[in-house]
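Enquirer: What shape does this take:
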Amino acid sequence: MGRVWAIYTNDLRGIFRNVAAAVIISGLAFLPSLYAWFNIKASWDPYSQTGSLAIAVVNKDEGAVLREMPIRAGDEIMASLKENKKIGWVFVDEKKAMEGVKHGDYYASITIPSDFSAKMATVLSDNLQQAELDYAVNEKINAVSPKIAQKGASGIIEEVRASFVKTANETIFRIFARIGVELEENKPAIEQVRNTVFKLESLIPTINDAIALAAKDIEKSKKIAGTVQAELPKAAKLAKDGEAFTKQLGLFFEQSTLTLDTAGPLIKQDLGLLLEAAHAMEELTVILQDSSMDSAVIRTTLELAGKRLTSAVTVTDGMIKLLGRLNHLSHSEQLSSAIGSLQQINNRFQQQLTLVQQIRSAIDKGEEPAQTLMDRLSTLSKGTAGLLSDLLSRYDSELWPRIKQAADKAKQAASTAQSVLKEAGAAFPDVVAIVNDTAKGLELGGQELAKVQANLPAAEKKIMEFAKQIRELEQEGNLDELIDLLQNDAEREGAFFAEPVVLKENRLFPIPNYGSAMSPFFTTLSLWVGALLLVSLLTVDVHHAEHAYRSYEVYLGRYLTFLTIAIVQSLLVTLGDIWLLKAYVADPVWFVLFGILLSSVFMLIVYTLVSIFGNVGKAMAIVLLVLQLAGSGGTFPIQVTPPFFQAIHPFLPFTYAISMMREAVGGILWDIVARDLLALAIFAGVALLLGLALKKWINQYSTKMMEKAKESGLIH
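Expert: Residues are numbered from 1 along each chain as shown. Coordinates of the predicted model:
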């Protein structure tokens, strides 16, 4: 080791004694810092500067009217964009917008057509039409700007969609609520008519007995007749009120039919959302099977899946209750099959929610989720998707016609009730006349009793028919259930269907800006570039030596010199990131130490290649750099790169170097650092083994080849 140390000390003395060498080496130590700093600063926070991206907006919307309410969706969008400073919205006419996009004055343009509001207003008609926004983008200006512009356009569409769905749902549920209030207000009158008719019906046996005993007890019969006469005016008034109510009831069912027609697409839309949730669970099982997926991403995905499943259970519960009430009101079993399918779907969603919670619990404990849990989750999600697909395929041809039939049957019952009450109102004068005749007959005595007995069966028949028809009407459905169904909070229901799921963000390792997030990549890259600069300008061999050194002594001794300069490079880069650029680093000390470690390993790899293969080794180091730029996942997630780069990803030093630096920047998880250290140790061990074992043998054959190549005058 004495000779190794002698080579190193001689190199240091040579640097400090030769001013030119000291200046060059100082420059080599400083250059990688500039590479890192300029790149980090240039990408410091680009997504907060999108307000400078000019996007033209053209409003040609002429407005529309929906149920006597004016709609100007285009003006609302314009007002919203004027408050949105995230994009540089420019409001111009159509001609100027198109010319500006073509010539690069605007990155994109969004045009609101003249029939935009009119098409949105078709939601309550039989001819539904989708509103459109015309979007034009110039993709040759910049590779990223079209994506940002498209995100802005998508944001407008999402904002309009949520607002429109909320407004449409609120309108429908307000109609339901208004009808429910009218029913509730007239409920006492309905019940009073019903009770009076039933009371008269219950008095019929008493009246018959009284008339039978009239010959023996005229005074007793008079009292009974007086009781009947006292009740009849109330019954007549209640029948009249009941007839007026049934007219309102008929109007209610007509409005309900219209409302159900408009609600049909919303029910189908909810089924579609449930199907999307089921498909999302199928995708979740695929993610869980991916062993390379980061545990933090899996936890976030599981948390989102749990929320989606909870919302799906809530939505299916609501649909089951709605169809159940309609089934009860129609007094039929037309919707039982659909209710059964929804109940199966609800049960499967609940089982999936339980499985997701169990899987997440296992992951939180650091355990591998049981394969049986994931297989069960996969089976349930596929089965749920199948049930929903079947229900959606039968919706227009089978389910929706049955819902309308149930509503029509309830409407028919209301029509029957109106006829009954109208007939009863017309019959009450006859009943009054009959009872009055009965009273007169009692006054006249036994002579008129036969006449009264002749008229009484007619009154009895009408009252009993009226009571029977009321009972049949009650069998069609319960009035309290109908009122409860209709009197929901319109605003709350509309808001729920507009946004049934809300994303709650939980930033585990927050980094305040994009530049700080990119500092691990650019810092790692600059350290490799620094190593390339050193081997490009400094020799890896010992010339003009007083002693003949062995190959391993030259290899180790000169590496110490390169290592010293590489450590200085690392200190300048990492400390400059922290103090000069003010980049965010959660663990600054470890950031600096990790940088020194990476610089040492990179220098060893590059130095070994050049020490063994000469200029060919330099080319190999450059090729390795190129591969690592795309295959390390430093800029884009490795999962979105082509299969070749995904295949070489685990075998590249940058993969573990960038990962280690990210831990220092965002917050250290030591199990990840331990994995990265082990991988880098393997790379360093392989490089060291190759350098010690192959340098002497390969150098013997490469020396003659390099001398021959130099004779060309092109290679030094």
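
Enquirer: And the lowest mean pLDDT element among the helices and strands of this structure?
Expert: In the chain, no helix or strand scores lower on mean pLDDT, DSSP states H and E than helix 490-498, which sits at a mean of 53.

Enquirer: can you give me the helices in the stretch 51-200 of the chain?
Expert: 73-83, 94-102, 116-120, 145-212 (DSSP state H, counting those that start in this stretch).

Enquirer: Convert stretch 582-594 to CSV, retaining C-alpha atoms only.
Expert: The C-alpha trace of stretch 582-594 is given here as CSV (Å, rounded to 0.1, in the frame of the first residue of the first chain):
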residue,chain,number,x,y,z
LYS,A,582,-32.2,27.4,-1.6
ALA,A,583,-33.5,24.0,-2.8
TYR,A,584,-35.8,22.2,-0.3
VAL,A,585,-33.9,19.3,1.4
ALA,A,586,-35.6,17.5,4.3
ASP,A,587,-32.2,16.0,5.5
PRO,A,588,-29.4,18.3,4.4
VAL,A,589,-26.6,16.4,6.1
TRP,A,590,-27.6,13.1,4.5
PHE,A,591,-28.0,14.9,1.2
VAL,A,592,-24.4,16.0,1.3
LEU,A,593,-23.1,12.6,2.5
PHE,A,594,-25.2,10.7,-0.1
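
Enquirer: List the buried residues for it?
Expert: 583-586, 588, 590-592, 594 (16 or more other C-beta atoms under 10 Å). Yep, even glycine has a C-beta here, placed from its N, CA and C like the rest.

Enquirer: For the residues you listed, give me CSV that also has secondary structure.
Expert: Converted to CSV, those look like this (DSSP: H, G, I helix; E, B strand; the rest coil):
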residue, secondary structure
Ala583, coil
Tyr584, coil
Val585, coil
Ala586, coil
Pro588, helix
Trp590, helix
Phe591, helix
Val592, helix
Phe594, helix
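
Enquirer: Tell me how this protein divides into domains.
Expert: Here the domain assignment for the chain is 2-43+513-710, 54-168, 264-393, based on automatic domain parsing.

Enquirer: Output those as JSON lines; include the columns mean pLDDT.
Expert: Formatted as JSON lines, those follow (pLDDT from 0 to 100):
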{"stretch": "domain 2-43+513-710", "mean pLDDT": "84"}
{"stretch": "domain 54-168", "mean pLDDT": "73"}
{"stretch": "domain 264-393", "mean pLDDT": "77"}
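
Enquirer: Out of those, flag the one nearest Thr206.
Expert: Relative to Thr206, the nearest member of these by C-beta to C-beta is domain 264-393, separated by 32.9 Å.

Enquirer: Ser516 touches Val665, doesn't it?
Expert: Yes - using C-beta atoms under 8 Å, Ser516 is in contact with Val665, at 6.5 Å.

Enquirer: More neighbours: which of the two?
Expert: Neighbour totals were compared for Ser516 and Val665, and Val665 leads with 25 against 22 (other C-beta atoms under 10 Å).

Enquirer: May I have the secondary structure class of the more buried one?
Expert: helix.

Enquirer: Can you give me every residue that contacts it?
Expert: 511, 516-517, 519-520, 583-586, 591 (C-beta atoms under 8 Å, 6 or more residues apart in numbering).

Enquirer: Remind me what the helix or strand containing Ser361 packs against, helices and strands.
Expert: For Ser361, the element it lies in under DSSP states H and E is helix 336-364. Helices and strands touching helix 336-364, by 3 or more C-beta pairs under 8 Å, 6 or more residues apart in numbering; DSSP states H and E, are helix 218-289, helix 295-329, helix 371-393.

Enquirer: can you do 10 Å?
Expert: For helix 336-364, the elements it packs on are helix 218-289, helix 295-329, helix 371-393, helix 400-444, judged by 3 or more C-beta pairs under 10 Å, 6 or more residues apart in numbering; DSSP states H and E.

Enquirer: quick one: the second one to helix 371-393, angle?
Expert: The reference is to helix 295-329. 40 degrees (axes from the mean of the first three to the mean of the last three C-alpha atoms, to 10 degrees).

Enquirer: Give the buried residues for stretch 675-685.
Expert: Neighbour-count burial for stretch 675-685 flags 676, 679-680, 683-684 (criterion: 16+ other C-beta under 10 Å).

Enquirer: Filter the residues you listed down to the ones in strands?
Expert: Assigned to strands by DSSP state E, none of those qualify.

Enquirer: following the least confident helix or strand of the chain, which helix or strand comes up?
Expert: Next in sequence after helix 490-498, counting helices and strands by DSSP H and E, comes helix 514-537.

Enquirer: following that following helix, which helix or strand shows up next?
Expert: Downstream of helix 514-537, the first helix or strand assigned by DSSP H and E is helix 551-575.

Enquirer: name the helices or strands packed onto that following helix?
Expert: By 3+ C-beta pairs under 10 Å, 6+ apart, helix 551-575 packs against helix 2-17, helix 19-42, helix 514-537, helix 588-613, helix 670-710.

Enquirer: and those as TSV, adding distance to Leu624?
Expert: Shown next, in TSV, are the helices and strands packed on helix 551-575 (distance: least, C-beta to C-beta, whole Å):
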stretch	distance to Leu624
helix 2-17	26
helix 19-42	17
helix 514-537	8
helix 588-613	8
helix 670-710	11
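
Enquirer: out of those, which comes closest to Ile363?
Expert: Using C-beta to C-beta, the nearest of the helices and strands packed on helix 551-575 to Ile363 is helix 670-710, at 14.0 Å.

Enquirer: The closest one to helix 295-329, inter-axis angle?
Expert: Going by the same axes, to 10 degrees, helix 670-710 makes 130 degrees with helix 295-329.

Enquirer: re the thing from before, so which of the buried residues of stretch 582-594 is the closest to Asp75?
Expert: The nearest member of the buried residues of stretch 582-594 to Asp75, counting by C-beta to C-beta, is Tyr584 at 42.3 Å.

Enquirer: dump the residue contacts of the residue nearest to that closest one when sequence neighbours are not counted.
Expert: Once flanking residues are discounted, Tyr584 sits nearest to Ser516: 3.9 Å by C-beta to C-beta, 6 or more residues apart in numbering. By C-beta atoms under 10 Å, 6 or more residues apart in numbering, the residues touching Ser516 are 40, 43-45, 577, 581-586, 665-666.

Enquirer: same question, Ser519
Expert: Contacts of Ser519 were listed using C-beta under 10 Å, 6+ apart, and they are 36-37, 39-40, 43-44, 511, 513, 573-574, 577-578, 581, 583-585, 591, 661-662, 664-665.

Enquirer: Could I get the contacts of Val665 in TSV, plus columns for distance to Met374?
Expert: Formatted as TSV, the contacts of Val665 follow (distance: C-beta to C-beta, whole Å):
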residue	distance to Met374
Ile511	32
Ser516	36
Ala517	32
Ser519	37
Pro520	33
Ala583	40
Tyr584	37
Val585	38
Ala586	34
Phe591	38
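
Enquirer: Could you list the buried residues of whichever strand or helix holds Val626?
Expert: Element membership for Val626, per DSSP H and E: helix 615-631. Using 16+ other C-beta under 10 Å as the test for burial, helix 615-631 gives 617-618, 620-621, 624-625, 627-631.

Enquirer: Correct me if wrong: Gly515 contacts Ala42.
Expert: Yes - counting by C-beta atoms under 10 Å, Ala42 is a contact partner of Gly515 at 8.2 Å.
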